[in-house]
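> Here's my sequence, what's the structure:
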Amino acid sequence: MFMLLTAAQENTMLKVKKHSSRTPSERRQSPRYRLQDGSLVINSTILGPILDLSLHGMSFEYYADDLEETRPADIGIFISHSKLLLTGLQTRVIRDSIIENNSSFLPVIRKTRAVEFVGLSGEQRRRIQQIIATQAVDSR
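Presented below is the predicted three-dimensional model:
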């Protein structure tokens, strides 16, 4: 069954949809940006490509052998082609998900992790803004 709407009714529906497009579970405070290839997250146990970056957090892929490892950690961002390194970023894990474990003989699992930055200094925030300004491919 089809309904014919007046222009006023259609505009009202569009406004409601536009207003409610942000779901209640959406917690992102700033847009996320996909970075150029060669942008990596690093720390003493993690090395992997950055999936996206914002002023308040990031997500990345990595390999791990511990399924329950979700404690806060210091991480760093390395941009390979410009040799830029930003370390000491305190994070809180928001999500940790398994992508795949296709190997029966290797004890590692490919995962994605989303983290929130905690207690950034002014300098760290400025450097993240610089990374986004110079390395972003597009917004998500």
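> Surely residue 81 is within a helix?
Yes: membership of residue 81 in a helix is supported by DSSP: H, G, I helix; E, B strand; the rest coil.
> pLDDT averaged over stretch 79-99 - what is it?
On average, the pLDDT along stretch 79-99 is 91.
> Tell me the spacing between residue 91 and residue 109.
According to Cβ to Cβ, to the nearest Å, residue 91 stands 20 Å off from residue 109. C-beta: built from backbone N, CA, C; applies to glycine.
> who has more neighbours, the two?
The residue with more neighbours, out of residue 91 and residue 109, is residue 91; 21 against 17, by other Cβ atoms under 10 Å.
> who's the more buried one bridged to?
residue 73, residue 117 (DSSP bridges).
> thought it was touching residue 119?
No: Residue 91 lies out of contact with residue 119 (Cβ atoms under 8 Å); the separation is 9.8 Å.
> Could I get the contacting residues of residue 137?
For residue 137, the residues meeting the contact criterion (Cβ atoms under 8 Å, 6 or more residues apart in numbering) are 33, 34, 35, 36.
> If you tally nearby residues, what's the number for the second one?
Here the count is done by other Cβ under 10 Å, and residue 34 has 16 residues near it.
> and the residue lying closest to it once chain neighbours are set aside, what helix or strand is that in?
Once flanking residues are discounted, residue 34 sits nearest to residue 137: 4.7 Å by Cβ to Cβ, 6 or more residues apart in numbering. Using DSSP states H and E, residue 137 sits in strand 136-139.
> Which helix or strand contains the closest residue in space to residue 127 that isn't next to it in sequence?
Distance criterion Cβ to Cβ, 6+ apart; nearest residue to residue 127, sequence neighbours excluded, is residue 86 at 5.0 Å. Using DSSP H and E, residue 86 falls within strand 84-100.
> Need the contact partners of that strand.
By Cβ under 8 Å, 6+ apart, the surrounding residues in contact with strand 84-100 are 42, 57, 59, 61, 67, 69-79, 109-120, 124, 127-128, 131.
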